[in-house]
Every structure is written in C-alpha cells, then in structure tokens.
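Student: Build the 3D model from these lines:
(one chain, ligands or ions: 3)
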Amino acid sequence: MKERPIISEEALAEQRQYMASVRDAIGQTLKYHIVTLGCQMNAHDSETIAGMLEEMGFENAPTREDADLVLYNTCCVRENAENKALGNVIWLKELKAKKPSLIIAVGGCMMQEEGMSERLQKMYPFIDLVFGTHNTHRLPELLYRVIVEKERAFEVLKTDGSICEGLPIRRNSASQAYITIMYGCNNFCSYCIVPYVRGRERSRSMENILTEAQQLVDSGVQEIMLLGQNVNSYMGGGAHFAELLYRLDKMGVPRIRFMTSHPKDLSDELIACFGELPHLCKQLHLPVQAGNNRILECMNRRYTREHYLELVHKVRSVCPGIGLTSDIIVGFPGETYEEFEDTLSLVREVRYDAAFTFIYSPRPGTKAAVMPDSTPYEEKSRRIQMLIDLQNSITSDICSQQIGKTEHILVEGASTRDPGFVCGKTDRGHMVNFPGNIASGQMADVRIISAGKTTLRGELIK
Ligand code: SAH
Ligand code: SF4
Ligand code: F3S
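Tutor: Ligands and ions are numbered 1, 2, ... in the order given. Presented below is the predicted three-dimensional model:
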C-alpha cells in the first residue's frame, strides 16, 4: 500500500473560502446537531464535520429539536444500522414540517452504496444535502449551495479519495482523542461492505500523525486511540505500525490504544510492543469472527483457528495481563451447528474480556450475499444467545478476578448510573465506578472492591 496524495492546499483553500462565505451569509448563529451511527471512524469523522460547522459559525445543539441543521453520519455495515438511519431520517420529515427552515443533511458510509444518494434525492424531498465518505472536506461548498444558492446539494464521489489534512476538528473529549492513521480497507472479507464504501487502504504520513499527537499532548490529552480498519497494514506492514507506536510512546503520550488489528497481519514486532512500551495499554481488540476453519475460509479471513490461537498465546506470553476483545459473526451462510460450536469452543479457550457479537447480515454487492443460506433466522438467534450467555459468564468471571487489584484510572466523567460516583477505564479497558469528586481527564489510583457483570466498583486510594 502506498501513501496517497494529500488533498491539495488549493482545494482546501477553496473550502475555507466557502466556510467564510457561509459564515457571512447566515449572519446569525445557527445550531447544528449531528447524529452518528457506526464505528469510531464515523465518530471521528463527525468530530471533523463539527469542526467545519463551527468554523462556519454554527453552534452545537443538544437535541435535534433545538437545531437548525441536523446531520446524520450513517453506517451500513449491517442491515439494522441502515434501517435505523433511514427510520431516523424519515422521522425528521415531521420536524421539518414544523420548522421549514430546518436543513437536513445525510453523510457517511451508507451514502457510498450504489444508487443510494439518487434514491434519497428522489424519494425524500425534505433532505437538503447528501455527501459521502470521500468528500467530507467538501461539506462547506455543499452547504453554501443549500444556504446561499437555495438548492439541494447531492454529491457522492466514487473514487477512493485521498487524504485530507488540516481540517478543523471539534473533539468531544478534552482528555481522550482519536487519531485516524489510515483510511479504507483492502481485505474484502466476503461478508463486509466496508471496502466498498470506504475505498482502498491509504495511510497518513508518520510526521502528520506525530505532529497531531504532539499538539494533543500539549493540550492535555491523556489517551490517544489510533484508528484504522486494519492498523497492522499501516503503510504496508506491522513493522511500520510498530515504529509509529514506538515514536508515540517516546513522545510521552500517557496512554495509547488502537483499533482494529487484523489477525492475519499481527506481526511479531507489534506483539513485542505490548511487552516494551510503557504507555501502550494492555488491551487488544483482535476480531476472530468465527472459530471454524471452513467458515474462516469462506469469510476470506486468511488465517486459521490454529494461527489465531497461536497469536493469542504469543501476545499473552509477552504481556500476561492483557485484555483481549473480539468481534464474532454468527450464522454466516452455510454455517452448521457443529461449525458454530467451534466458535463457542474458541471463546472458551481464549476467554475474551468482551466480545461484540452479530448475526450475519447480507450486504448487497458482497460475495457472501449470494452464498446459499438455509439456516432460519430463529436458529441464528438461538445460537447468538448461546454465545452471548457464554461470553457474559466469562466477562463476569474476569471482572470478579479484578477484585483487590489497585488500578490507575483515567476519569471520564460522572457515572451515569450512580450519583456521586465518577467512572473511568483501567489500562486493560475495564470500566470502573467509584465515589469521588475528580475531574474528567485526571488520573486516580483506585482499589477494586466489587464486580458487576461487565463493570467494576472501586474506592479511591489517592
Ligand atoms: N475492520 C474491522 C471491523 C469493521 S466492521 C475488522 O476487520 O475487525 C465491525 C464488525 O462488524 C466486524 O468485525 C464484523 O464482526 C461485523 N460485521 C461486518 N460485516 C458484517 C455483516 N455483513 N454481518 C454481520 N456482522 C458484520
Ligand atoms: Fe471489513 Fe474485513 Fe476490512 Fe474489517 S478487515 S473492514 S471486516 S473487510
Ligand atoms: Fe459502519 Fe462505515 Fe464504520 S459502514 S462500521 S461506519 S466504516
């Protein structure tokens, strides 16, 4: 994989000009509300979208009802994500009937699907603006067309896109920050739509990433999460990613996490980082997807169960207390009950801290969507429930094993469940609630005193 060209300074200057023109044109302060669906990539894209909107003079509104501009950043990884987005957008029709000046914008992965933008343009006249994942930086111009030229603006680019540096970002947290290190995916797992809607892999330059990280550290950020669909192929190999981790670690970023790692590319250099880098958190999201070799092959995952278990063994020998998490798909086309049992046995063997489990959802245009699938949905639901029950019991066991330990916690804010409590994560990624009056972004030493099913409770030591 090559570094891709950065979107030219002239193209960006043009968008900056549009930002200024929109700001002048609206004259008053308008409010925006962004609804983000999908993964961390989308969450971070929404931070950039918010950054551009604020540059254009918009202010954040807490609810859709308070906003003059509502923007949906959509996901299409599973059908239910898509239905949710569509249902939500249709709901806005009523809001617009009450407030005709409301601007409705839809962007993100779902807009990159074949024919989707055209469909929305025809069927939903109340949508003002549509953009895709490859032209987020052109939002100012599109918004200018809507606000100043009073026309609908629908633009989705088919190209892979380049990399856009230097857009404003409005981060949701002052202490934890996302940095996207690469875009797109080349893996084409047979069930997955992401490569079609996010394009081919392209890496940001190490200098740009390090500069961004340094600015974040200088502004008091305590934890950086590096993002990419497969960070192990950053600039073409695990060694490059390991080098980036070394340089960030040296910079003194208090905590570094990353996601996601594809098992086929998890290099020895990267595994070694868990033993050597003091700031790299002891947590690894290593999605297995399935425990049976035939299914892994049909999924085009390009590793075997044995290879995966070997990786787990290696990672744990380098870093014994590491918390592993996973994504698992149940009911891939043609998966028999016996093959599903291999997933259960793998989960028993690995003992994940947590696993995100999904029923396979056919995605138009992917290879798996045309594979014969005779397992009824009820059977798939029964299987996923078995898997969830198993994982819940493992999660709860692992939580109990944390009792008595003293943990360094990065406080994220007030606990939503317990008044008077704050919450934050351990290095390994467990959420801990504890009483205290500590501001977000502060570190606290906490003794774990009890465990719930998925979270821990602690008491402050200092
Ligand atoms: N790049 C990441 C994950 C991207 S999508 C990786 O490779 O691990 C997040 C998760 O959604 C995937 O890990 C997979 O478990 C799930 N997923 C993707 N496509 C799906 C589909 N068609 N049906 C059900 N789950 C799916
Ligand atoms: Fe999808 Fe596979 Fe790429 Fe992950 S690695 S985004 S699951 S194609
Ligand atoms: Fe969804 Fe796009 Fe992420 S499809 S999971 S928001 S990359």
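Student: residue boundaries of the helices in the stretch 151-300 of the chain?
Tutor: In the stretch 151-300 of the chain, the helices defined using DSSP state H, counting those that start in this stretch lie at 194-198, 206-218, 238-251, 268-276, 293-298.
Student: Pull the last one out as PDB, backbone CA atoms only.
Tutor: Once non-C-alpha atoms are left out, helix 293-298 reads as follows in PDB (Å, rounded to 0.1, in the frame of the first residue of the first chain):
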ATOM      1  CA  ASN A 293     -11.600 -23.100   9.600                       C
ATOM      2  CA  ARG A 294     -14.100 -23.800   6.800                       C
ATOM      3  CA  ILE A 295     -16.100 -20.700   7.800                       C
ATOM      4  CA  LEU A 296     -13.000 -18.600   8.200                       C
ATOM      5  CA  GLU A 297     -12.000 -19.500   4.700                       C
ATOM      6  CA  CYS A 298     -15.500 -18.700   3.300                       C
END
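Student: Report whether that helix contacts ligand 2.
Tutor: No: under the criterion of CB under 6 Å from any ligand atom, ligand 2 is not reached by helix 293-298; the shortest gap measures 11.7 Å. Bear in mind the C-beta positions are built from the backbone N, C-alpha and C, glycine included.
Student: Of all the residues in that helix, which ones are buried?
Tutor: N293, I295, L296, C298 (16 or more other CB atoms under 10 Å).
Student: mind checking how far that helix is from the chain centre?
Tutor: 26 Å (CA atoms, centre = their mean, to the nearest Å).
Student: Remind me what it packs against, helices and strands.
Tutor: helix 337-350 (3 or more CB pairs under 8 Å, 6 or more residues apart in numbering; DSSP states H and E).
Student: What strands line up against the helix or strand following the helix it packs on, and which way round?
Tutor: Note on helix 337-350: by DSSP states H and E, the next helix or strand toward the C-terminus is strand 354-359. Take DSSP bridges as the rule and strand 354-359 pairs in its sheet with strand 323-330 (parallel).
Student: The partner strand: which residues count as buried?
Tutor: G323, L324, T325, S326, I328, I329, V330.
Student: isn't M386 right up against T343?
Tutor: No: the criterion here is CB atoms under 8 Å, and M386 misses it with T343 at 9.6 Å.
Student: Please identify which of those two sits among more neighbours.
Tutor: T343 (27 against 15; other CB atoms under 10 Å).
Student: So what does the nearest residue to that one once chain neighbours are set aside have for phi and psi?
Tutor: Spatially, and ignoring its direct neighbours in sequence, T343 is nearest to G291 (3.9 Å; CB to CB, 6 or more residues apart in numbering). Backbone torsions of G291, given as degrees, to the nearest 10, read phi -110, psi 0.
Student: my read: G291 touches R348, true?
Tutor: No: using CB under 8 Å, G291 makes no contact with R348, being 9.5 Å away.
Student: which residues sit in contact with K158?
Tutor: H134 (CB atoms under 8 Å, 6 or more residues apart in numbering).
Student: if we can go back for a sec, please identify which of the helices of the stretch 151-300 of the chain is closest to ligand 1.
Tutor: Shortest distance between ligand 1 and the helices of the stretch 151-300 of the chain, using CB to the nearest ligand atom, is found for helix 194-198: 5.5 Å.
Student: Which of the three states applies to V146?
Tutor: Classification of V146 by DSSP: H, G, I helix; E, B strand; the rest coil places it in helix.
Student: Looking at the buried residues of strand 323-330, which two lie furthest apart in space?
Tutor: G323 and V330 (22.5 Å; CB to CB).
Student: ok, back up a step: out of the buried residues of strand 323-330, which touch ligand 2?
Tutor: Among the buried residues of strand 323-330, none lies close to ligand 2 by the criterion of CB under 6 Å from any ligand atom.
Student: closest to ligand 1 among the residues you listed?
Tutor: I329 (4.8 Å).
Student: quick one, what contacts the residue nearest to L30 when sequence neighbours are not counted?
Tutor: In space, and not counting its chain neighbours, L30 is closest to D68: 4.1 Å by CB to CB, 6+ apart. Listed by CB under 8 Å, 6+ apart, the contact set of D68 reads L30, K31, Y32, F58, A61, S101, L102, I103.
Student: Mark which of the residues you listed are part of strands, please.
Tutor: Applying DSSP state E to the contacts of D68, the entries found in strands are K31, Y32, I103.
Student: In contact with the second one: list those residues for me.
Tutor: In other words, Y32. A50, L53, F58, E59, N60, A61, A67, D68, L69, V70, L71.
Student: Please apply the same query to G429.
Tutor: With CB under 8 Å, 6+ apart, G429 has these contacts: R257, C281, Q283, G323, T325, D353.
Student: Surely the last one touches T426?
Tutor: No: assessed by CB under 8 Å, D353 is found out of contact with T426, at 10.4 Å.
Student: got the residue ranges for the strands in the stretch 101-250 of the chain?
Tutor: Using DSSP state E, counting those that start in this stretch, the strands of the stretch 101-250 of the chain run over residues 103-108, 129-131, 153-155, 176-180, 182-183, 202-203, 223-227.
Student: Out of these, flag the one nearest L270.
Tutor: strand 223-227 (11.9 Å).
Student: Neighbouring strands - and their directions - for that closest one?
Tutor: Counting by DSSP bridges, strand 223-227 is paired with strand 176-180 (parallel), strand 255-259 (parallel).
Student: Do the first one and ligand 2 come into contact?
Tutor: Right, strand 176-180. No: using CB under 6 Å from any ligand atom, strand 176-180 never reaches ligand 2; the gap is at least 13.9 Å.
Student: Could I get the average pLDDT for that strand?
Tutor: In this model, strand 176-180 carries a mean pLDDT of 97.
Student: any idea of the angle it forms with helix 238-251?
Tutor: 150 degrees (axes from the mean of the first three to the mean of the last three CA atoms, to 10 degrees).
Student: what's strand 176-180 in contact with?
Tutor: Counting by CB under 8 Å, 6+ apart, 40-41, 43-44, 47, 171, 204, 209, 212-213, 216, 221-228, 410, 412 sit against strand 176-180.
Student: now those residues: which count as buried?
Tutor: When those are checked against 16+ other CB under 10 Å, the ones flagged as buried are 41, 43-44, 47, 171, 204, 209, 212-213, 216, 221-228, 410, 412.
Student: filter those by proximity to ligand 3?
Tutor: M41.
Student: buried set for stretch 336-346?
Tutor: Buried residues in stretch 336-346 (16+ other CB under 10 Å): E339, F340, D342, T343, L344, L346.
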